[in-house]
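J.: build me a model:
(chains A and B)
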Amino acid sequence: NAGVTQTPKFRVLKTGQSMTLLCAQDMNHEYMYWYRQDPGMGLRLIHYSVGEGTTAKGEVPDGYNVSRLKKQNFLLGLESAAPSQTSVYFCASSPANEQFFGPGTRLTVL
Amino acid sequence: GNSVTQMEGPVTLSEEAFLTINCTYTATGYPSLFWYVQYPGEGLQLLLKATKADDKGSNKGFEATYRKETTSFHLEKGSVQVSDSAVYFCALIRPGAGSYQLTFGKGTKLSVIP
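T.: Just a heads-up that it's a prediction; the model follows:
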(Lines give C-alpha, C1' and ligand atoms only; values in the text may rest on other atoms or scores of the structure.)
Protein backbone atom coordinates (compact mmCIF):
# COMPACT_ATOMS: atom_id res chain seq x y z
CA ASN A 1 0.00 0.00 0.00
CA ALA A 2 1.23 3.45 -0.87
CA GLY A 3 -0.81 5.05 1.93
CA VAL A 4 -1.44 8.74 1.30
CA THR A 5 0.27 10.33 -1.69
CA GLN A 6 0.33 13.97 -2.78
CA THR A 7 1.02 15.51 -6.17
CA PRO A 8 3.05 17.62 -6.84
CA LYS A 9 5.79 17.74 -4.22
CA PHE A 10 6.85 21.30 -5.08
CA ARG A 11 5.32 24.12 -7.06
CA VAL A 12 6.03 27.78 -7.69
CA LEU A 13 3.17 30.00 -8.86
CA LYS A 14 2.81 33.63 -9.77
CA THR A 15 0.15 35.72 -8.09
CA GLY A 16 -3.20 35.16 -9.78
CA GLN A 17 -2.40 31.76 -11.25
CA SER A 18 -4.49 28.72 -10.45
CA MET A 19 -3.57 25.17 -9.58
CA THR A 20 -4.90 21.94 -8.14
CA LEU A 21 -3.22 19.75 -5.54
CA LEU A 22 -4.10 16.08 -5.65
CA CYS A 23 -4.33 13.76 -2.66
CA ALA A 24 -4.85 10.04 -3.11
CA GLN A 25 -5.27 7.27 -0.55
CA ASP A 26 -5.48 3.52 -1.06
CA MET A 27 -6.73 2.56 2.41
CA ASN A 28 -10.45 2.94 1.67
CA HIS A 29 -10.78 5.65 4.31
CA GLU A 30 -14.01 7.64 4.54
CA TYR A 31 -12.52 10.86 5.93
CA MET A 32 -10.02 13.11 4.21
CA TYR A 33 -8.51 16.46 5.18
CA TRP A 34 -6.40 19.30 3.83
CA TYR A 35 -4.12 21.26 6.17
CA ARG A 36 -1.61 24.03 5.75
CA GLN A 37 1.50 24.34 7.87
CA ASP A 38 3.13 27.68 8.51
CA PRO A 39 6.04 28.50 10.84
CA GLY A 40 4.89 28.95 14.43
CA MET A 41 1.26 28.16 13.53
CA GLY A 42 1.13 24.39 13.68
CA LEU A 43 -1.29 22.77 11.25
CA ARG A 44 -4.56 24.45 10.38
CA LEU A 45 -7.47 22.68 8.74
CA ILE A 46 -8.54 24.12 5.39
CA HIS A 47 -11.33 21.78 4.26
CA TYR A 48 -12.37 18.24 4.97
CA SER A 49 -14.63 15.49 3.68
CA VAL A 50 -16.59 12.85 5.56
CA GLY A 51 -17.26 10.75 2.48
CA GLU A 52 -17.42 10.64 -1.28
CA GLY A 53 -19.31 13.62 -2.67
CA THR A 54 -19.16 15.62 0.57
CA THR A 55 -16.97 18.55 1.60
CA ALA A 56 -16.97 21.02 4.48
CA LYS A 57 -15.04 24.10 5.58
CA GLY A 58 -12.36 23.98 8.20
CA GLU A 59 -10.60 26.72 10.11
CA VAL A 60 -9.03 28.61 7.16
CA PRO A 61 -11.07 27.90 3.99
CA ASP A 62 -10.92 31.28 2.26
CA GLY A 63 -9.21 31.21 -1.13
CA TYR A 64 -9.48 27.44 -1.49
CA ASN A 65 -11.97 25.00 -2.97
CA VAL A 66 -12.11 21.23 -2.75
CA SER A 67 -13.79 18.27 -4.40
CA ARG A 68 -14.21 14.61 -3.51
CA LEU A 69 -15.68 13.00 -6.59
CA LYS A 70 -14.07 9.65 -5.84
CA LYS A 71 -13.58 8.14 -2.41
CA GLN A 72 -9.84 7.75 -2.86
CA ASN A 73 -9.12 11.28 -4.10
CA PHE A 74 -9.40 14.70 -2.48
CA LEU A 75 -8.49 17.73 -4.58
CA LEU A 76 -7.53 21.16 -3.27
CA GLY A 77 -7.85 24.07 -5.68
CA LEU A 78 -6.48 27.58 -5.63
CA GLU A 79 -8.38 29.69 -8.16
CA SER A 80 -6.25 32.84 -7.87
CA ALA A 81 -3.10 32.28 -5.86
CA ALA A 82 -1.87 34.94 -3.43
CA PRO A 83 1.51 35.25 -1.64
CA SER A 84 -0.32 34.55 1.65
CA GLN A 85 -0.95 31.04 0.35
CA THR A 86 2.75 30.24 0.35
CA SER A 87 2.87 27.27 2.69
CA VAL A 88 3.35 23.54 3.02
CA TYR A 89 0.12 21.66 2.37
CA PHE A 90 -0.61 18.30 3.93
CA CYS A 91 -3.37 15.89 3.13
CA ALA A 92 -4.57 13.24 5.57
CA SER A 93 -7.06 10.40 5.54
CA SER A 94 -8.78 8.60 8.39
CA PRO A 95 -10.94 5.53 8.99
CA ALA A 96 -12.18 7.20 12.18
CA ASN A 97 -10.08 8.01 15.23
CA GLU A 98 -6.61 8.26 13.67
CA GLN A 99 -5.26 10.30 10.76
CA PHE A 100 -2.60 9.24 8.25
CA PHE A 101 -0.65 12.02 6.56
CA GLY A 102 0.87 12.46 3.14
CA PRO A 103 4.42 13.78 2.58
CA GLY A 104 3.31 17.33 1.79
CA THR A 105 3.40 19.82 -1.07
CA ARG A 106 5.59 22.90 -0.77
CA LEU A 107 3.92 25.80 -2.58
CA THR A 108 5.49 29.18 -3.17
CA VAL A 109 3.45 32.05 -4.60
CA LEU A 110 5.51 34.94 -5.94
CA GLY B 1 -13.82 25.71 21.80
CA ASN B 2 -11.12 23.09 21.69
CA SER B 3 -7.49 24.04 22.01
CA VAL B 4 -4.10 22.50 22.64
CA THR B 5 -1.20 24.30 24.27
CA GLN B 6 2.28 22.86 24.21
CA MET B 7 5.56 24.20 25.44
CA GLU B 8 7.37 26.46 23.04
CA GLY B 9 10.66 25.42 21.65
CA PRO B 10 13.10 24.96 20.42
CA VAL B 11 14.36 22.42 22.90
CA THR B 12 18.00 21.37 22.69
CA LEU B 13 19.22 18.33 24.63
CA SER B 14 22.33 16.26 24.77
CA GLU B 15 22.13 12.62 23.76
CA GLU B 16 20.83 10.36 26.57
CA ALA B 17 19.15 13.26 28.39
CA PHE B 18 15.60 13.02 29.73
CA LEU B 19 12.89 14.65 27.65
CA THR B 20 9.60 16.20 28.71
CA ILE B 21 7.38 18.19 26.37
CA ASN B 22 4.36 19.62 28.14
CA CYS B 23 0.91 19.56 26.57
CA THR B 24 -2.37 20.75 28.05
CA TYR B 25 -5.76 20.87 26.42
CA THR B 26 -9.18 22.45 26.60
CA ALA B 27 -12.14 20.45 25.36
CA THR B 28 -15.61 19.41 26.36
CA GLY B 29 -16.09 15.82 27.32
CA TYR B 30 -13.35 13.24 26.94
CA PRO B 31 -11.24 13.86 23.83
CA SER B 32 -8.81 11.38 22.34
CA LEU B 33 -5.24 12.63 22.62
CA PHE B 34 -2.33 12.19 20.25
CA TRP B 35 1.33 12.94 19.78
CA TYR B 36 2.54 13.26 16.19
CA VAL B 37 6.16 13.57 15.08
CA GLN B 38 7.47 15.31 11.97
CA TYR B 39 11.01 14.52 10.87
CA PRO B 40 12.77 17.07 8.66
CA GLY B 41 11.25 17.26 5.19
CA GLU B 42 8.54 14.69 5.93
CA GLY B 43 4.86 14.52 6.79
CA LEU B 44 3.44 13.82 10.23
CA GLN B 45 3.54 10.35 11.74
CA LEU B 46 1.47 9.18 14.67
CA LEU B 47 3.79 8.59 17.62
CA LEU B 48 1.30 7.52 20.28
CA LYS B 49 -2.26 8.03 21.42
CA ALA B 50 -4.62 7.61 24.37
CA THR B 51 -8.38 7.50 24.19
CA LYS B 52 -9.51 7.65 27.83
CA ALA B 53 -8.43 8.98 31.18
CA ASP B 54 -5.39 7.31 32.80
CA ASP B 55 -4.47 5.53 29.56
CA LYS B 56 -0.77 5.52 28.78
CA GLY B 57 0.33 5.64 25.17
CA SER B 58 3.81 4.42 24.34
CA ASN B 59 5.98 3.90 21.28
CA LYS B 60 9.72 3.96 20.46
CA GLY B 61 10.58 4.70 24.10
CA PHE B 62 8.21 7.67 24.29
CA GLU B 63 5.33 7.73 26.75
CA ALA B 64 2.42 9.99 27.59
CA THR B 65 -0.38 9.56 30.15
CA TYR B 66 -3.86 10.99 29.72
CA ARG B 67 -4.51 13.05 32.87
CA LYS B 68 -8.10 14.19 33.03
CA GLU B 69 -7.70 16.00 36.36
CA THR B 70 -4.93 18.26 35.00
CA THR B 71 -6.10 18.15 31.34
CA SER B 72 -2.59 17.18 30.32
CA PHE B 73 -0.81 14.72 28.03
CA HIS B 74 2.91 15.34 28.55
CA LEU B 75 5.39 13.52 26.32
CA GLU B 76 8.40 11.88 27.99
CA LYS B 77 11.41 9.83 26.99
CA GLY B 78 14.06 8.61 29.36
CA SER B 79 17.06 8.80 27.03
CA VAL B 80 16.90 10.73 23.78
CA GLN B 81 18.95 9.98 20.69
CA VAL B 82 20.13 12.17 17.84
CA SER B 83 17.57 10.41 15.64
CA ASP B 84 14.77 11.84 17.83
CA SER B 85 15.46 15.31 16.48
CA ALA B 86 12.13 16.40 15.00
CA VAL B 87 9.07 18.56 15.59
CA TYR B 88 6.50 17.10 17.99
CA PHE B 89 2.82 18.00 17.86
CA CYS B 90 0.22 17.37 20.53
CA ALA B 91 -3.34 17.05 19.21
CA LEU B 92 -6.87 16.08 20.18
CA ILE B 93 -10.06 14.84 18.57
CA ARG B 94 -13.18 16.17 20.21
CA PRO B 95 -15.58 13.46 21.30
CA GLY B 96 -18.73 13.26 19.24
CA ALA B 97 -17.15 15.12 16.36
CA GLY B 98 -18.46 13.18 13.40
CA SER B 99 -15.66 14.45 11.20
CA TYR B 100 -12.87 13.36 13.59
CA GLN B 101 -11.11 16.67 13.15
CA LEU B 102 -7.72 17.06 14.81
CA THR B 103 -6.91 20.19 16.77
CA PHE B 104 -3.13 20.69 16.93
CA GLY B 105 -0.77 22.51 19.20
CA LYS B 106 1.82 24.70 17.50
CA GLY B 107 4.58 22.13 17.72
CA THR B 108 7.82 21.84 19.66
CA LYS B 109 11.10 21.48 17.81
CA LEU B 110 13.56 19.13 19.49
CA SER B 111 17.24 19.05 18.62
CA VAL B 112 19.44 16.37 20.16
CA ILE B 113 23.17 16.92 19.99
CA PRO B 114 25.80 14.18 20.33
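J.: can you pull up the bridge partners for the residue most central in space within chain A?
T.: In chain A, the residue lying closest to the centroid (C-alpha atoms, centre = their mean) is A:W34, at 3.3 Å. Note on A:W34: beta-bridge partners A:H47, A:C91, judged by DSSP bridges.
J.: do you know how far it is from B:W35?
T.: 22 Å (C-beta to C-beta, to the nearest Å). C-beta: built from backbone N, CA, C; applies to glycine.
J.: who does the helix or strand of chain B with the lowest mean pLDDT pair up with?
T.: Sorting the helices and strands of chain B by mean pLDDT, DSSP states H and E puts strand B:102-104 at the bottom, at a mean of 90. Here strand B:102-104 has these sheet partners by DSSP bridges: strand B:86-93 (antiparallel).
J.: what's next to the partner strand, contact-wise?
T.: Strand B:86-93 is contacted from outside by A:42-43, A:97, B:2, B:4, B:6, B:21, B:23, B:25, B:27, B:31-40, B:44, B:47, B:73, B:75, B:100-105, B:107-110, using C-beta atoms under 8 Å, 6 or more residues apart in numbering or on different chains.
J.: show me where pLDDT drops low in chain B?
T.: B:95-97 (pLDDT under 70).
J.: that one: strands as residue ranges?
T.: B:3-6, B:11-14, B:19-21, B:23-26, B:32-38, B:44-50, B:56-59, B:62-65, B:75-77, B:86-93, B:102-104, B:108-113 (DSSP state E).
J.: so B:H74 sits against B:L33, correct?
T.: No - between B:H74 and B:L33 there is no contact, the gap being 10.5 Å when judged by C-beta atoms under 8 Å.
J.: touching both of those two, which residues are there?
T.: Contact criterion C-beta under 8 Å, 6+ apart; residues shared by B:H74 and B:L33: B:C23, B:A64.
J.: so between these two, which is more surrounded?
T.: The neighbour count for B:H74 versus B:L33, taken as other C-beta atoms under 10 Å in any protein chain shown, is higher for B:L33 (28 against 18).
J.: tell me what that one is bridged to.
T.: Going by DSSP bridges, B:L33 forms beta bridges with B:A50, B:L92.
J.: tell me the contacts of it?
T.: B:C23, B:Y25, B:K49, B:A50, B:T51, B:G57, B:A64, B:Y66, B:F73, B:C90, B:A91, B:L92.
J.: measure how buried residue 16 is and give me the count.
T.: No chain specified, so I'll use chain A. By other C-beta under 10 Å, neighbour count at A:G16 equals 10.
J.: switch to chain B, please.
T.: 11.
J.: nearest spatial neighbour of it, skipping sequence neighbours?
T.: What sits nearest to B:E16 in space, not counting adjacent residues and going by C-beta to C-beta, 6 or more residues apart in numbering or on different chains, is B:S79, at 4.7 Å.
J.: buried among the contacts of strand B:86-93? Make that a ChimeraX selection.
T.: A single ChimeraX command selects the buried members of the contacts of strand B:86-93 (16 or more other C-beta atoms under 10 Å in any protein chain shown):
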select /A:42,43 /B:2,4,6,21,23,25,27,31,32,33,34,35,36,37,38,44,47,73,75,100,101,102,103,104,105,107,108,110
